[in-house]
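**Q** One predicted model, sequence on top.
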Amino acid sequence: MNIRAILRTVVGLALGLLSLLTVASCGGEPKKHFPGAFPGTHTDVSAAQAFRDFGIRVPASAKVVGYYAWSADDEYPMAAVLRMPCSAVPDFASDSGLRRASSQEGEIVGVEVFAREHGWTDDDEDPRYLRDRDQVGVVTHRTGTECKVYLHT
């Protein structure tokens, strides 16, 4: 083996070790970036995958404003803000197994806090939905013919 081949091998091994040390010093896998993920959040699945995992049927007319989901956590937290025609909300709720909920139900508080953090102004008239089996909560807010849908698990 000549000196150049030995140097290439040594440099290759050093670069490989450097990348492993970088990953280890960051505490695991490098952050993954998915389109539509909220800036600064840890998201390890796409929005489409998270919605499938939670049985959320997003209509084709909807746009994902932002989301986060962390499937590696035992709790698998997920939240999203969607924009869709208000006419699509009833089918979205029904197809996703959501029932109408009252603002007085304790389980709705988590989604209300999330919605406020993302621009919702607390309006008791805004429809709320829950799915009890896995604590999916939704608050919708109408602006003209468009609705913002805040979803949180």
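**A** Ah, there it is.

**Q** Now the residue positioned nearest the centre of the chain: which helix or strand?
**A** Nearest residue to the geometric centre of the chain (CA atoms, centre = their mean): Tyr68, 2.6 Å. Using DSSP states H and E, the element containing Tyr68 is strand 63-69.

**Q** Can you name the element that comes right after that strand?
**A** Where DSSP H and E defines the elements, the next helix or strand beyond strand 63-69 is strand 78-85.

**Q** how far off strand 63-69 does that next one point, in degrees?
**A** With axes from the mean of the first three to the mean of the last three CA atoms, to 10 degrees defining the directions, strand 78-85 sits at 170 degrees from strand 63-69.

**Q** Pull out the buried residues from strand 78-85.
**A** Within strand 78-85, the residues scored as buried using 16 or more other CB atoms under 10 Å are 78-82, 84. C-beta: built from backbone N, CA, C; applies to glycine.

**Q** follow-up on the earlier one: so the residue nearest to the centre of the chain touches Thr41, yeah?
**A** Yes - contact criterion CB atoms under 8 Å: Tyr68 and Thr41 qualify, at 3.9 Å.

**Q** circling back to that earlier point, please report the distance of the residue nearest to the centre of the chain from Gly40.
**A** Separation of Tyr68 from Gly40 (CB to CB, to the nearest Å): 9 Å.
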